[in-house]
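In: Fold the following and give me the result.
(one chain, ligands or ions: 1)
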Amino acid sequence: MTNETWGQIQDELLKSVGRNNYVNWIEPLEFSGLDDSGVATFLVPTQFMGNWVSRNFGEQIRHQLSAAGERVVRVEFTVPNPRGDKPAAAKIASKPAGKAIRSVKTAKDDELPGAPLDQRFTFDTFVVGKPNELAHAAARRVAEGGTVTFNPLFLYGGVGLGKTHLMHAIAWELQKKSPDLRVVYLSAEQFMYRFVQALRDKDMIAFKQLFRSVDVLMIDDVQFIAGKDATQEEFFHTFNALVDQNKQIIVSSDRAPTEISGIEDRIVSRLQSGLVVDLHPTNYELRLGILQQKIEQYSEQFPNLVISDGVLEFLAHRISTNVRVLEGALMRLFAFGALVGREITLELTQDCLADILRASDRKITVEEIQRKVSEHFNIRLSDLIGPKRVRTFARPRQMAMYLSKQLTSRSLPEIGRRFGGRDHTTVMHGVRKIEELMQKDSQIADDLELLRRALEA
Ligand SMILES: Nc1ncnc2c1ncn2[C@@H]1O[C@H](COP(=O)(O)OP(=O)(O)OP(=O)(O)O)[C@@H](O)[C@H]1O
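Out: Numbers count the residues shown, from 1 in each chain. Sure thing, here's the model as predicted:
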């Protein structure tokens, strides 16, 4: 069999498994060979993926290969380099919880003020997508060590978007490369606690010496020191001393330096003097990637887990708040699935996660719908809302009314008011018209589906 035949079979598979499944599971397969005994082999990036494809699409692939005239009795999926760079998830999880700085070999070992690092927060387990690619690239650069190019690296972004994960990943990487490096990670709160303790114990000299002796200092959630003047002062001195010695500093916060009120200007300016990068809110693709990665990470812990098609896509669509919530939802599903010993279907998912789904329901507004619809049909917002009755405006207007009824909790009169003060009967008529057209006009049905997806993304 040639790669070309495989190309044709892929086209067939695209039709039979659907676009989503195709992109996620079939496209990454690489045809490796078909031997005399009828075993077709494909290369897959990970063992988990191989198992998944084998279980869910193995028979279909075999069938298509046979239909194309090949004698195939079995299809196998193998990982090209099973040792890879990526440590197996189970190995990471089963290591004893370590102290962050345990590999530092100086006499001051036990005195280093760092907090423990999470074993799971490595670069291997960090999924990169558009929203975090810059932050990830900057973190990678810092993790290479060597000459300090930007100081500090300032990472910021909303809750649960991976700031801590990236900082720990840098620390793990640096320690792996140079076990003697004194890498210290701690939260701003812990920094303050240490400082207050040193003040109380009249041990400031030791405190200063300790913090000035590190090679890499990472302070998480720096916004915490806002309004805490003495801590800020000490932080500023520590910061300057380390920068003067050309030591790397990495700081994270939930907002940009200039947006942290209650921090002295000179500190803000210091914080901005290196590279400031933000982690944007996740998009659908990144969320789906993270879910797939988590499944792989936990596959050995939950070996009998079967998840129906569409469940991950559903979660990635519906839980867009933050990654921590997404992860929590998946863990609950795993636990539940293991408990009841059943395949995790969409229905089970909706049932089991009802509270999370309700809480993370994003509120879509009529205004947002109007904007998206007018963009989609390339008409002006004023024409969509205005009085003109020509079909080019009237049909999109009715679709926007229909979507407003479907996706918001606004009543018909409320929707009417937002469409240039129309009566509720006009809205009702519009909604009914679209319901009717959807049945017979596939173009309208497709447009609505596209719009709905764009709005719910
Ligand atoms: N891109 C990603 N790939 C894999 N896991 C991620 C990613 N982003 C976030 N996570 C996971 O989401 C969880 C929350 O991330 P993390 O603790 O790093 O967030 P944070 O930005 O520091 O949040 P907070 O502001 O609450 O401190 C972690 O379990 C982390 O592993």
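
In: Phe42 sits in which helix or strand?
Out: Phe42 is located in strand 39-43, with elements delineated by DSSP states H and E.

In: got the buried residues for that strand?
Out: Along strand 39-43, the positions that meet the burial threshold by neighbour count (16 or more other Cβ atoms under 10 Å) are Ala40, Phe42, Leu43. Quick note: C-beta positions are derived from backbone N, CA and C, even for glycine.

In: Next up, the contacts around the nearest residue to the last one once chain neighbours are set aside.
Out: With sequence-adjacent residues excluded and distances taken as Cβ to Cβ, 6 or more residues apart in numbering, Leu43 is closest to Glu30, at 4.2 Å. Contacts for Glu30 were tallied using Cβ atoms under 8 Å, 6 or more residues apart in numbering; they are Phe42, Leu43, Val44.

In: Could you export the buried residues of strand 39-43 as a markdown table, including distance to the ligand and pLDDT?
Out: What follows is those, written out as a markdown table (distance: Cβ to the nearest ligand atom, whole Å; pLDDT from 0 to 100):
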| residue | distance to the ligand | pLDDT |
| --- | --- | --- |
| Ala40 | 33 | 90 |
| Phe42 | 26 | 90 |
| Leu43 | 24 | 89 |
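
In: before we move on, what SS does Val251 have?
Out: The local conformation at Val251, judged by DSSP: H, G, I helix; E, B strand; the rest coil, is strand.

In: what's around it, how many residues?
Out: 26 (other Cβ atoms under 10 Å).

In: Leu279 too?
Out: 23.

In: how would you label whichever residue of the stretch 1-150 of the chain sits closest to the ligand: helix, strand or coil?
Out: With Cβ to the nearest ligand atom as the measure, the residue in the stretch 1-150 of the chain that lies nearest the ligand is Val127; the distance is 3.7 Å. Secondary structure of Val127, reduced to three states by three-state DSSP: coil.

In: thinking again about what came up before, and the gap between the residue nearest to Leu43 and Ile307?
Out: Distance, Glu30 to Ile307, by Cβ to Cβ, to the nearest Å: 24 Å.

In: Return the residues of the chain in contact with the ligand.
Out: If contact is defined as Cβ under 6 Å from any ligand atom, the residues of the chain in contact with the ligand are 121, 125-127, 132, 157, 159-165, 221, 254, 290, 323-324, 327.

In: List only buried entries from those.
Out: Applying a neighbour-count criterion of 16+ other Cβ under 10 Å, the buried members of the residues of the chain next to the ligand are 121, 125-127, 132, 157, 160-165, 221, 254, 290, 323, 327.

In: Looking at these, which are in strands?
Out: When DSSP state E defines the strands, the subset of those inside them is Gly157.

In: Where does pLDDT dip in the chain?
Out: Residues of the chain meeting the criterion pLDDT under 70: 20, 48, 81-112, 361-362, 457.

In: for it, what's the longest helix?
Out: Counting residues, the longest helix found in the chain (DSSP state H) is helix 47-67.

In: how about the helix or strand just after that helix: buried residues?
Out: Proceeding N to C from helix 47-67, the next assigned helix or strand is strand 74-78, under DSSP H and E. Going by neighbour count (16+ other Cβ under 10 Å), the buried part of strand 74-78 is Val75, Phe77.

In: Direction included, what does strand 74-78 pair up with?
Out: Strands flanking strand 74-78 in the sheet, each with its direction: strand 39-43 (parallel) (DSSP bridges).

In: The stretch 51-200 of the chain: helices as residue ranges?
Out: Counting by DSSP state H, counting those that start in this stretch, the segments of the stretch 51-200 of the chain that form helices are 89-94, 133-143, 163-177, 188-200.

In: Tell me which of these sits most buried.
Out: Among the helices of the stretch 51-200 of the chain, ranked by average contacts under mean count of other Cβ atoms under 10 Å, first place goes to helix 163-177 (a mean of 22).

In: Can I get that one in CSV, CA atoms only?
Out: Coordinates of each C-alpha in helix 163-177 appear next as CSV, following Å, rounded to 0.1, in the frame of the first residue of the first chain:
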residue,chain,number,x,y,z
LYS,A,163,1.0,31.1,35.6
THR,A,164,2.0,28.9,38.5
HIS,A,165,2.3,25.9,36.1
LEU,A,166,4.8,27.8,33.9
MET,A,167,6.8,29.0,36.9
HIS,A,168,7.2,25.5,38.3
ALA,A,169,8.0,24.2,34.8
ILE,A,170,10.9,26.8,34.6
ALA,A,171,12.1,25.7,38.1
TRP,A,172,12.0,22.0,37.2
GLU,A,173,13.8,22.6,34.0
LEU,A,174,16.5,24.8,35.5
GLN,A,175,17.1,22.3,38.3
LYS,A,176,17.4,19.4,35.8
LYS,A,177,20.0,21.3,33.8
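
In: just checking, what packs against it?
Out: Taking 3 or more Cβ pairs under 8 Å, 6 or more residues apart in numbering; DSSP states H and E as contact, the helices and strands that helix 163-177 lies on are helix 133-143, strand 153-157, strand 183-187, strand 216-220, strand 248-253.
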